[in-house]
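1. Build me a structure from this.
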Amino acid sequence: MENFKSVSVLDVPMFAGDIRKAASIVIDEIRHSERHNHCISATGAHGLVTAHSDPTLKRVLTAFYMNLPDGMPTVWVGRFKGEKQMQRCYGPDFFAEVMESTANTPVRHYFCGGKPGVAEELQRICGQKFNNSRVVGTFCPPFRELSDGEFRALADQINALDVNVVWVGISTPKQEKFAHRLAQYTNVHFIVTVGAAFDFHIGNVRQAPGFLQKAGLEWAFRLCVEPQRLWKRYVQVVPLFIYYNFLNLTRSKL
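-> Predicted coordinates:
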């Protein structure tokens, strides 16, 4: 297993490198290591603020193999703490990097998430966009929580397909808890949660322009695009992320 640097942000270890490094670690693990059902999240301020008040989610994220900094605010905190090389590892971009890097290789992928038809459409898009035809199965989970029996049945299907990477695109915190439970029954290398990456790549949701992403203002763009769904999240998350990190940094200096 390759070592990599992490930095604590709101008591959750966050990957302190860049997307290429993260993808190379994943691919090297698949090529050279046994299957350990490693879980990876792409999470930002929303996930970290939720984990601050949800002990179960915090335990799940802390136990994950790697937590990618999905937003610039998390990166800024990490850099402030001394990890100057830390870069944003945006979920959709990480997905694209791994899919491109594993095209024309034996690595097998499975998509889990999205509304009906989304995962199947993404499977088709990956063949065109990334030249990757190694997506061997899809699953659209119901809105309710799956039973243990349903998780076992899903894992049996994934295991029978000899999957290396399961991609989960639901929403935080549901997707992280979903991945954690699924990992109890699967025999894969990685289970990776990437939020809205499925919808972004099939064109269902517009992505913020690059300059807004770099400025840490993607949340504002998404709020304008989906105000009814996201206004409450961002009105709460942005101030709380700043406040919790201020308290965390203040306490660490006492």
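2. Do you have the strands of the stretch 51-200 of the chain handy? List them.
-> 66-69, 109-113, 135-139, 165-169, 190-193 (DSSP state E, counting those that start in this stretch).
3. Could you look over those strands and pick the most buried one?
-> strand 190-193 (a mean of 29; mean count of other Cβ atoms under 10 Å). Quick note: C-beta positions are derived from backbone N, CA and C, even for glycine.
4. ok, back up a step: will you turn the strands of the stretch 51-200 of the chain into JSON lines that also has mean pLDDT and distance to E97?
-> Shown next, in JSON lines, are the strands of the stretch 51-200 of the chain (pLDDT from 0 to 100; distance: least, Cβ to Cβ, whole Å):
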{"stretch": "strand 66-69", "mean pLDDT": "98", "distance to E97": "11"}
{"stretch": "strand 109-113", "mean pLDDT": "96", "distance to E97": "13"}
{"stretch": "strand 135-139", "mean pLDDT": "97", "distance to E97": "16"}
{"stretch": "strand 165-169", "mean pLDDT": "97", "distance to E97": "12"}
{"stretch": "strand 190-193", "mean pLDDT": "98", "distance to E97": "12"}
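5. Distance to V9 added to these, as CSV?
-> Below are the strands of the stretch 51-200 of the chain laid out as CSV (distance: least, Cβ to Cβ, whole Å):
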stretch, distance to V9
strand 66-69, 8
strand 109-113, 25
strand 135-139, 31
strand 165-169, 22
strand 190-193, 17
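6. so which of those strands gets nearest F15?
-> strand 66-69 (5.2 Å; Cβ to Cβ).
7. Am I right that G78 is in contact with L10?
-> No: here G78 does not reach L10: they are 11.1 Å apart, not a contact under Cβ atoms under 8 Å.
8. coming back round to it: out of the strands of the stretch 51-200 of the chain, nearest to Y243?
-> strand 66-69 (19.0 Å).
9. Which residues are in contact with the closest residue to P73 other than its chain neighbours?
-> Using Cβ to Cβ, 6 or more residues apart in numbering and skipping the chain neighbours, the partner closest in space to P73 is A45 (5.1 Å). Contact analysis of A45 by Cβ atoms under 8 Å, 6 or more residues apart in numbering lists G71, P73, T74, W219, V237, V238, F241.
10. Neighbours of the second one, how many?
-> Neighbours of P73 under the rule other Cβ atoms under 10 Å: 21.
11. same thing with Q85?
-> Using other Cβ under 10 Å, Q85 is surrounded by 11 other residues.
12. what's the spacing between Q128 and R134?
-> 14 Å (Cβ to Cβ, to the nearest Å).
13. do V194 as well
-> V194 is 17 Å from R134, by Cβ to Cβ.
14. do the same with F190
-> 14 Å.
15. What of L182?
-> On the measure of Cβ to Cβ, L182 and R134 end up 20 Å apart.
16. Output the contacts of A45 as a markdown table; include the columns pLDDT and distance to R152.
-> Shown next, in a markdown table, are those (pLDDT from 0 to 100; distance: Cβ to Cβ, whole Å):
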| residue | pLDDT | distance to R152 |
| --- | --- | --- |
| G71 | 89 | 34 |
| P73 | 91 | 38 |
| T74 | 95 | 34 |
| W219 | 62 | 37 |
| V237 | 81 | 34 |
| V238 | 79 | 39 |
| F241 | 87 | 37 |
